[in-house]
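Enquirer: Pasted the sequence and its predicted model underneath.
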Amino acid sequence: MHELPITQSILDIALRHAEKAGARRVTDLHLVIGRLSYVVDDSIRFYWDTIAKGTIAEGARLHFQRVPAELLCLDCNHRYAPDDETLACPKCQSVRVKVAAGDEFRLESIDVETSDSPSSLPAGEGEGDGEMKCH
Ligand SMILES: [Zn+2]
């Protein structure tokens, strides 16, 4: 159940960046989850809809990128990707290993809309009707 504070911090970071960029809306979030991370993307999605409500990130799409795990053997310094059976070092069978990659969870980037034309803008004034997306 620790996804709630995690989701909250993702939102905070996204909003901070969006504000800096002068964004009107956050449309997409790109998240990186290591394979060893305990973060459950479905839970993030679940909380996201709730906590993003009323912010400029409401309705933003979440994209998850899984990165493979990598372990480092402390006995022989071998770096390797663990298989699903065991985490032990394939070279020396040591179990004195540490996670070198794959336990991370971070917000990689966000996509924003910076158009500041409100949707009530009279038609025919602007040049870009690309902004007027209906969905
Ligand atoms: Zn080893």
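Expert: Good, I have the coordinates.
Enquirer: can you give me the strands for this structure?
Expert: Taking DSSP state E to define them, one finds strands in the chain at 25-34, 61-67, 70-73, 79-80, 97-101, 105-113.
Enquirer: residues in this protein within reach of the ion, list them.
Expert: 73, 75-76, 78, 89, 91-92, 94 (C-beta under 5 Å from the ion). For the C-beta atoms, the positions are set from N, CA and C on the backbone; glycine is no exception.
Enquirer: does L87 really touch V97, like I thought?
Expert: Yes: here L87 lies in contact with V97, judged by C-beta atoms under 8 Å, at a distance of 6.1 Å.
Enquirer: just for this protein, where's the confidence low?
Expert: Applying pLDDT under 70 to the chain picks out residues 1, 116-135.
Enquirer: which one's the longest helix in it?
Expert: Taking DSSP state H as the assignment, the helix of the chain that covers the most residues is helix 3-20.
Enquirer: How about residues contacting that helix?
Expert: Applying C-beta atoms under 8 Å, 6 or more residues apart in numbering, the set of residues contacting helix 3-20 from outside is 25-26, 29, 31, 39-40, 43-44, 46-48, 51-52, 55-57, 60, 105, 107, 110, 112.
Enquirer: circling back to that earlier point, now the buried members of the residues of the chain next to the ion.
Expert: By neighbour count, with 16 or more other C-beta atoms under 10 Å, these hold 73, 89 as buried.
Enquirer: Tell me which residues touch R79, please.
Expert: Taking C-beta under 8 Å, 6+ apart as the criterion, R79 is in contact with 70-73, 100.
Enquirer: Buried ones among the residues you listed?
Expert: Listed as buried from these are 70-73; burial here means 16+ other C-beta under 10 Å.
Enquirer: Can you name the residues bridging to the most centrally placed residue in the chain?
Expert: Within the chain, the residue whose C-alpha comes closest to the C-alpha centroid is L31; the distance, by C-alpha atoms, centre = their mean, is 1.8 Å. Residues in a beta bridge with L31, per DSSP bridges, are F64, L107.
Enquirer: related to what we said a few turns ago, give the residues shared as contacts by L87 and V97.
Expert: L71.
Enquirer: between these two, which one's more packed in?
Expert: For L87 versus V97, the count of surrounding residues by other C-beta atoms under 10 Å is larger for V97: 18 against 14.
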